[in-house]
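Student: below are the sequence and a predicted model for it; my questions follow.
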Amino acid sequence: MLRKPLVAVAAVAAVVLNGTPVAAYPSRPHVTGTYSAGAGQAWQALPRTSPAARPDATVVIDPSQTRQRYTGVGFSIDETSVSNLWKLTPAERERAVRLLVDPRTGAGLDRFRLTIGSPDLIEHLPFWSYNELPEGVTEDFGLRHFSIQRDIDAHIIDTIKLIQKYNPKATFLASAWSAPAWMKTNNRFTGEVALKPGSTTDYYQAGRLRDDCIDVFARYYVKFLQAYARRGIHVDALTLLNEPGMDVVYPAMDITVEQQKKLSVAIKREVRKAGLNTQLYVHDFNFWDWRDPNSTATKNYHRIFEDPATRRAADGIAFHPYWGDPAVMRDAYEEFGKPVHLTETSDLSPATVLNDFRLDASSYILWAQATDQDGGTLHWTPARDNDIDWAEVGRTTKWPDRLVKVNTITKTFTVRDELYPLGQFARYLGSRHVRVESSAATNGVTNVVFRDGDDYVAILGNANAEDTTVRVTMAGRSFVQTVPAKAYATLNWHQKVPPSRHNRAPVFGGVAPVTADQYATKSFPLRATDRDRDRLSYYATDLPGGVQLDAATGVVTVRPTVAGQQELTFYVTDGHARDRVTVPVTVRPKGAPVGTVIEAEGYAAQSGWTEGGANFIENNAAASGGRNIGWTAPGNWLKYRVDVAAGGYDLELRVATGLGAAVPDAVSIRDAAGQVLARVTVPDTGGWGTYQSVHVPLTLPAGDQLITVHCEAGGFNLDYLRLTV
């Protein structure tokens, strides 16, 4: 795998295990690394770290537990993005592509999504398939009129070849938004919606694949693969269909669960018949629609795997993140043994990339990431209007501030700072890297770790406002490294784990159930034994807010922020094997003291949302604790417990909005009797994950009491609140 060599740094320290220095231990790993914190600090050599530095955080790596193989990080080659790149001068276009994909001088992005025919994101109408029929022809089961000429004319092929020039290891997958019009029940390439019986607000996709066109649609996919292969472009994966059944009027199509089963088998049969090795990813839809009891119309597309032939045909499961809990990726990976992929997302946050890799995603592909200085010409719409004015949609729909901004006047481009930390993944990982299990975030430091044989790559994210020193521990050896503030760092080292043929696994002792008060601190020990007297490390892969684990001693400290029942799972490893223990924790509700961050999801009561619904508590890597309350609407409210002395306080609300404008008087703060104590305006923060703190004065009586955050308007996310003097 061609990758730019990492710059050597001094990153070693004395081994400390169970609190005791180990002086005479085999030589420490030689570690190299770089970091990025935006364009001003891009892929820079890591700072030197004293071996005696006291670590602020610890990362435990368990090489005995392997997970998914890395497939790539990249973006879509959609017509809108390509059109904007081709508004640059040839020299600027080459410079842009090289910065994005070159693993030596650029970010090394290496996984790209192609569209089979046009998606919603096109600049130039009309929408098109590869099998448009001439006048007077109504069907084409022989696919005699198949053509990718529109892709050639739109410079899509040219853009792919330019990517291949600067990153020969780049890989490509492809998705269709719809079958050609004649293969559908409504004979139109765009979607067509209809109201569900008895509803005035809920729609369904009326355009469905014809049952007699399942096989020809599979051959249509193969014709696409062959046409691209003739131009030197190997497409290594197809998705079954982009967002099947999505109730939209841009290109879309419904395929029922039974049709998905048949289409999966047909695609795999036709691909093999053509002598191709292209993989098939099923689903290609939101977390919510895979396996959620509340999924809209109980889509629950995991049901396609009730058919053994479909399970055999599927090589992976593709997800989009717009609805639902990303933990479903790990669930799907463990239940079905299929690789999982993020095939479409608009989240540029490297924190989200890291978290999704920890949840077993093999790839992460951004959607439509090159627009112009005005936000581009697009043909996406949320409207459910079958007679929509597409020219007006193109004139008014704008997606500004994507990864790449093309200035069509100066014919130059700029990129967002997120590109550089994304490069901390893509530059240094390749198709031979497999993830190994590692410990959860601690003290503001997150991590994900991969290995290629005895070579290890760890990506560390430092969310802290100051440089943070991290101890990395694996199989009895450790080193320390400082990660600069707000940076993502990639560490690389070689380490052989001694043979384990006669190893005996560590064993946990029993742990009694724990009871703790909300916002109070309590500690309890984990204890494990190892008959080989190996050096042991304790870790957890997921921990709720307020829980910390000492990797060396096994002491767990909890300061719960949410009342109720929890189950905490911990592991102990010697590097060859591990043991597991689950500890039940009961958290008694108490009011938050002054100065405590009260996570939005730590409410005592709420009204207006559906408990467990996708449009309530959202996973957001940019939020404190990784979650926020979203989908706010007028009349919704949340109650929070506080325990304070009588007096005046400053109330901080951490909020975000992507509406592009402030939300005046969005919130009223009310006491237990319903009296309004203060009103809060949410400012224009610049995005749903771009949080700002808003401060208002508040006077409260003494005692453990409830205060209410009452939504006077909608259109904002709530991250947390905090009272200070």
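Tutor: Received the coordinates, thanks.
Student: which stretches of this structure have low pLDDT?
Tutor: Filtered on pLDDT under 70, the chain yields the residue ranges 1-27, 296-297.
Student: show me what counts as buried in stretch 75-87.
Tutor: Neighbour-count burial for stretch 75-87 flags 75-85, 87 (criterion: 16 or more other CB atoms under 10 Å). (Glycine included, C-beta is placed from N, CA and C.)
Student: list just the nearest of these to residue 363.
Tutor: Sorting the buried residues of stretch 75-87 by distance to residue 363 puts residue 75 at the head of the list, at 11.4 Å, by CB to CB.
Student: for the closest one, pull up the helix or strand it's in.
Tutor: strand 72-77 (DSSP states H and E).
Student: okay, the buried residues of stretch 75-87 in JSON lines with distance to residue 440 next?
Tutor: Compiled in JSON lines, the buried residues of stretch 75-87 are given as follows (distance: CB to CB, whole Å):
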{"residue": "75", "distance to residue 440": "29"}
{"residue": "76", "distance to residue 440": "31"}
{"residue": "77", "distance to residue 440": "35"}
{"residue": "78", "distance to residue 440": "36"}
{"residue": "79", "distance to residue 440": "41"}
{"residue": "80", "distance to residue 440": "38"}
{"residue": "81", "distance to residue 440": "36"}
{"residue": "82", "distance to residue 440": "40"}
{"residue": "83", "distance to residue 440": "43"}
{"residue": "84", "distance to residue 440": "40"}
{"residue": "85", "distance to residue 440": "39"}
{"residue": "87", "distance to residue 440": "45"}
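Student: rewinding a little: just the CA trace of the strand holding residue 75, in CSV.
Tutor: What follows is strand 72-77 as a C-alpha-only set of coordinates in CSV (Å, rounded to 0.1, in the frame of the first residue of the first chain):
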residue,chain,number,x,y,z
GLY,A,72,-11.7,3.8,2.8
VAL,A,73,-12.6,7.4,3.4
GLY,A,74,-13.8,9.6,0.5
PHE,A,75,-16.7,11.3,-1.2
SER,A,76,-19.2,11.0,-4.0
ILE,A,77,-18.5,11.7,-7.7
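Student: mind telling me what element residue 448 is part of?
Tutor: When secondary structure is defined using DSSP H and E, the element that contains residue 448 is strand 445-452.
Student: please apply the same query to residue 283.
Tutor: Counting by DSSP H and E, the element that carries residue 283 is strand 279-286.
Student: which strands and helices sit next to that strand?
Tutor: Secondary structure elements in contact with strand 279-286, counted by 3 or more CB pairs under 8 Å, 6 or more residues apart in numbering; DSSP states H and E, are strand 235-239, helix 257-273, strand 316-320, strand 340-345.
Student: which residues sit against it?
Tutor: Contacts made with strand 279-286 from outside it, assessed by CB atoms under 8 Å, 6 or more residues apart in numbering, are listed as 173, 175, 236-244, 246, 260, 264, 267-268, 271, 289-290, 299, 301, 304, 310, 313-324, 341, 343-344, 614.
Student: what residues does residue 547 make contact with?
Tutor: Contact partners of residue 547, counting by CB under 8 Å, 6+ apart, are 540, 556-560, 568.
Student: give me the number of neighbouring residues for the residue nearest to residue 240 when sequence neighbours are not counted.
Tutor: Once flanking residues are discounted, residue 240 sits nearest to residue 282: 4.9 Å by CB to CB, 6 or more residues apart in numbering. For residue 282, the number of neighbouring residues by other CB atoms under 10 Å comes to 29.
Student: please name the bridge partners of residue 282.
Tutor: With beta bridges defined as DSSP bridges, residue 282 has these partners: residue 317.
Student: and it, how far is that from residue 263?
Tutor: With distances taken as CB to CB, to the nearest Å, residue 282 is found 9 Å from residue 263.
Student: what do these two both touch?
Tutor: Listed as contacting both residue 282 and residue 263 by CB under 8 Å, 6+ apart are residue 240.
Student: excluding chain neighbours, give the residue nearest to residue 321 in space.
Tutor: residue 345 (5.1 Å).
Student: ok, the one you found touching residue 364?
Tutor: Yes - under the contact definition of CB atoms under 8 Å, residue 345 touches residue 364, with a separation of 6.8 Å.
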